[in-house]
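# Attaching a predicted model along with its sequence, questions to come.
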Amino acid sequence: VLVHCSDGWDRTAQVSSLAKLLMDPYYRTLDGFQTLIATDWLQFGHKFSERMGRLHCDSEEASPIFLQWLDCVFQVYRQFPERFEFTP
């Protein structure tokens, strides 16, 4: 699967990590979820500070992509809690 975005910072990480979470049960374990964030967000170079509006006050750079992705994970988790290792 090829995912391409013009800048590659936001939607690429968002779409690819959500697809991995849905397709591979490993990423629905605690270790897998940590690995997913580390590889698809941190190592890929997601601009957390800029996107969350913490580092700069430039509103054009602010876009809570990671929080949106976390909400997507939460919605999937709410629908299929038995598919996740970290179900309370």
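Arrived safely. Residues are numbered from 1 along each chain as shown.

# contacts and neighbour counts: CA atoms only from here.
Fine.

# Could you check how far Phe33 is from Thr39?
Distance, Phe33 to Thr39, using Cα to Cα, to the nearest Å: 10 Å.

# How about Pro81?
24 Å.

# ok, now which ones touch Gln75?
Residues counted as contacts of Gln75 (Cα atoms under 8 Å, 6 or more residues apart in numbering): none.

# On the pLDDT front, check it for me.
With respect to pLDDT, Gln75 scores 96.

# Next up, identify which helix or strand it is on.
helix 65-79 (DSSP states H and E).

# so how far is that helix off the chain centroid?
Computed by Cα atoms, centre = their mean, to the nearest Å, the chain-centroid distance of helix 65-79 equals 8 Å.

# swap in stretch 64-71?
7 Å.

# what's the least confident helix or strand in this protein, going by average pLDDT?
helix 48-51 (a mean of 70; mean pLDDT, DSSP states H and E).

# does Val3 count as helix, strand or coil?
Secondary structure assignment for Val3 (DSSP: H, G, I helix; E, B strand; the rest coil): coil.

# That one and Ser17: what is the separation?
Applying Cα to Cα to Val3 and Ser17 gives a distance of 11 Å.

# Report the rounded mean pLDDT for the helix or strand where Leu21 lies.
When elements are assigned from DSSP H and E, Leu21 belongs to helix 11-23. Confidence for helix 11-23, expressed as mean pLDDT, is 89.

# So which other helices or strands are in contact with that helix?
helix 30-37, helix 65-79 (3 or more Cα pairs under 8 Å, 6 or more residues apart in numbering; DSSP states H and E).

# List the buried residues for that helix?
For helix 11-23, a neighbour-count test (16 or more other Cα atoms under 10 Å) marks 11-14, 16-18, 20-21 as buried.

# Just the angle for that helix relative to helix 30-37, thanks.
160 degrees (axes from the mean of the first three to the mean of the last three Cα atoms, to 10 degrees).

# Centre of the chain to helix 11-23, how far?
Taking mean C-alpha positions (Cα atoms, centre = their mean), helix 11-23 and its chain are 7 Å apart.

# Could you figure out how far it is turned away from helix 65-79?
Going by the same axes, to 10 degrees, helix 11-23 makes 20 degrees with helix 65-79.

# Alright, I will stop here.
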